[in-house]
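Asker: Model the following, please.
(2 chains)
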Amino acid sequence: MCNQTVCLVGAELERHGIPTVVIQLLREVAERMRPPRALFVPFRHGYPLDKPNDPQRQLAVMDAALRLLEDPAPSPPVLAEFPASSPH
Amino acid sequence: MGDLNEFSLPVKLFLKAYPWRKIDPVPWAPRKKPLAECRLALVSSAGFVLPGQKPFDESIRGGDYSFREIPGDAEVQELRESHRSESFDHTGIHEDPNLAFPLDRARELVLRGRIGSLSRRHLSFMGSITAPGRLIQQTAPASAQLLVEDAADVALLVPV
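Answerer: Coordinates of the predicted model:
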């Protein structure tokens, strides 16, 4: 349910003019709800930034999320994956 | 892995059948300045409260839709989690609240120049809200207004 809650709050922030990126632990929820910018992470519930007491790892996830805010030509809704899929 | 299979069968069946609220139309606020100049606000749904703040209320049917303001200068280790869900392992966020409320990491991003500054206030929700009507109608707009008042430029939202 947490995934839905942040999507709904994020959507309201966007309506108030604040660009958002939401981390998502369930891809199905992000696909069905369509938050404007979402980073799907393959971690267990309870571990959205992967590892406790691991600043470098936590920063890597946050940096990937922040990069979605820098996308110069987005087509909303944006759903990216962490780590980024390798190019084909 | 973050998938439905990590939950017990009753939770999995509930989530499979749950009518996730589709966001339609998709709102889109453009970023107005480079990220290195932006003021970042954090939003976490891990149910954190600071000492002296009212814990989230587990007795509210459909989930406690209120939120707590977390000042930008709060001590992360003082955050206490009052999330009611029993369907995830709480050990990690007890050990290190940055895992779901990364205020220390956000401060480091400011020092590195990745973002410009932090909002005066951040937001803490308790994510187990199965009936989100009052969240949508009341508290989400109120919380957004608060971040507008703090002139937040961008927000990062973290579920648990």
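
Asker: can you list contacts of stretch A:50-66?
Answerer: A:21, A:23, A:39, A:41, A:43, A:48-49, A:80, A:82-84, B:35, B:92-93, B:95-96, B:98-99, B:102, B:104-106, B:108-109, B:114-115, B:154, B:156 (Cβ atoms under 8 Å, 6 or more residues apart in numbering or on different chains). Bear in mind the C-beta positions are built from the backbone N, C-alpha and C, glycine included.

Asker: how about a cut-off of 7 Å?
Answerer: A:21, A:23, A:39, A:41, A:43, A:49, A:82, B:35, B:92, B:95-96, B:98-99, B:102, B:105, B:108-109, B:114, B:156 (Cβ atoms under 7 Å, 6 or more residues apart in numbering or on different chains).

Asker: Mind checking which of the residues you listed are in strands?
Answerer: Among the contacts of stretch A:50-66, the ones falling in strands (DSSP state E) are A:Val21, A:Ile23, A:Leu39, B:Leu156.

Asker: looking at the sheet around the first one, what are its partners?
Answerer: By that I understand A:Val21. For A:Val21, the beta-bridge partners under DSSP bridges are B:Leu156.

Asker: That one: what's it in contact with?
Answerer: A:Arg37, A:Leu39, A:Ala65, A:Leu66, A:Leu68, A:Leu69, B:Leu156.

Asker: Run through chain A and note the low-pLDDT ranges.
Answerer: Scanning chain A for pLDDT under 70 picks out A:85-88.

Asker: measure whatever residue of chain B ends up closest to chain A to A:Ile23 for me?
Answerer: Minimum separation of chain B from chain A (Cβ to the nearest Cβ) falls at B:Gly127, amounting to 3.0 Å. From B:Gly127 across to A:Ile23, the span is 12 Å (Cβ to Cβ, to the nearest Å).

Asker: can you list residues touching both of those two?
Answerer: Each of B:Pro159 lies in contact with both B:Gly127 and A:Ile23 under the rule Cβ under 7 Å, 6+ apart.

Asker: Good, we can wrap up now.
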